[in-house]
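Engineer: sharing a model prediction with you, sequence too.
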Amino acid sequence: MKNVIALVFITTSLVSNSQNLVPNGSFETYTICPNSASQVYYAVPWTGKDNNSVDYFNSCSPTRNVPYSGSGFQYAKEGVAYSALWFLNGFGNDYREYLQVGLTSQLTNTKYYLLKFYTNNYITKYAVNNIGAALTASAIGASGGSGSVINITPSVVKFGNPIINDTLNWIEVSGIIQANGTEQFLTIGNFNDDNSTDTLSVNYSSYPGAYYYIDDVSLTNIITPQWQYRDTTIYLADSVLIGPAITGLNVDWFDMSNAFIKNAPGIYVKPIVTTPYKATETFNSVVYNHTVTVTVLLPSKVDEYDKLQKSVTIFPNPNNGNVSLQFAELTKGNVDVTISDVTGKIVYQNKLQVTNALKNFDIDVKSGIYFVKIHDSSLNKTLIKKLVVQQ
């Protein structure tokens, strides 16, 4: 049986009474427009630790422009500016760049904070993991001098510490930390040497490095978290990640007989029948209980899923936002179409009246990867297709 990709969109709603403790978190404020490499210090008060080699891009610049950033192309996650740095530069050289800033105030002992930033991969040879951030009491630098590894344990990496190879969409890296009351500086970078860094050859260029954009950096005090634990649906033999999947959360997972499974902010499961799971999250001495149900669909034969997948075609794909849906089997009635970005944000939703085998419509979105959910109420079938938009 062919696998179906089960998509779980996890979003976070936070109750907080504090502001962002990272000054100029979207790099919008600047003293001078950048005109060459290694000028992140123009985005005050950011610095490129040790050698100030971190790059700065802003739409105000004719040479270091957003979205035309050198030989790359990327819109800002927030505003019209971002920074960029090497997380690996010349494999085997252990060369690093680090982005650093002083916080607007020192963190408070025992309080909880959400640290978050967004990143994506530039057109270099490699994509890597170990994309993280560290909170420290003082400004830190590499013991080996300019360009060498800062060998400390980061406060936050993306859950599972995966290789991040998306060049279109901004990928969130986030985690919860409990402060010890000394933290005053934030540093973003790769805190592992080359041999301890996983690489994926993406071959966007021949240069043996991994270069990433950074934008929308924030650190906020969290009083009451309200993470969403969403139900999902998979086909038999698939696995799926359930839970908030945010590092630093204390979550115990159980089956419905109360047998302990694992302590983790998210777990991969592969049930063979529809199965509920219980999550007990302890945050700031308060216990929150949740239930996540994974519904398992059982196609009667192998070609049933093939037939379902082929029943609707998106073309052209990629496209510029002008979407055409081709229905292989003519459906008479309403088809619900929902289009979401990779964070789960809905960018288009409509009930289409199918009177012929072809439906056309436009979506006003940026370049990126989107997921088209098509529900045919007359056949009681739901289908998810991937859509790539290139403006």
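Structural biologist: Yep, that arrived.

Engineer: residues near the closest residue to Asn165 other than its chain neighbours, how many?
Structural biologist: Excluding the flanking residues, the one nearest Asn165 by C-beta to C-beta, 6 or more residues apart in numbering is Ala127, at 3.5 Å. No exception for glycine: its C-beta is placed from N, CA and C like everyone else's. Per other C-beta atoms under 10 Å, the neighbour tally for Ala127 reads 26.

Engineer: against Ile131, how distant is the residue sitting nearest the centre point of the chain?
Structural biologist: Centroid-nearest residue in the chain: Ile171, 2.7 Å away (criterion: C-alpha atoms, centre = their mean). Taking C-beta to C-beta, to the nearest Å as the measure, Ile171 falls 9 Å from Ile131.

Engineer: got any residues that touch both of those two?
Structural biologist: Both Ile171 and Ile131 are in contact with 119, 158, 164, where contact means C-beta atoms under 8 Å, 6 or more residues apart in numbering.

Engineer: so which elements touch the helix or strand harbouring Ile314?
Structural biologist: Ile314 is located in strand 312-315, with elements delineated by DSSP states H and E. Packing contacts for strand 312-315, counted by 3 or more C-beta pairs under 8 Å, 6 or more residues apart in numbering; DSSP states H and E, involve strand 322-327, strand 381-389.

Engineer: just the C-alphas of it, formatted as CSV.
Structural biologist: These are the backbone C-alpha positions of strand 312-315, laid out as CSV (Å, rounded to 0.1, in the frame of the first residue of the first chain):
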residue,chain,number,x,y,z
VAL,A,312,-8.1,15.4,-8.7
THR,A,313,-5.1,17.1,-10.4
ILE,A,314,-3.7,20.5,-9.7
PHE,A,315,-2.1,22.2,-12.7
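
Engineer: make 58 the first number, not 1, from now on.
Structural biologist: All right, first residue 58 from here; so that's strand 369-372.

Engineer: partners of it, with directions?
Structural biologist: Its sheet considered, strand 369-372 pairs with strand 379-384 (antiparallel) by DSSP bridges.

Engineer: any buried residues in the strand it pairs with, and which?
Structural biologist: Neighbour counts over strand 379-384 (16 or more other C-beta atoms under 10 Å) mark 380, 382, 384 as buried.

Engineer: got a list of what the nearest residue to the first one once chain neighbours are set aside touches?
Structural biologist: Nearest non-adjacent residue to Val380, counting by C-beta to C-beta, 6+ apart: Phe418, 5.7 Å away. Residues in contact with Phe418 (C-beta under 8 Å, 6+ apart) are 380, 394, 405, 407, 409.

Engineer: much appreciated, bye for now.
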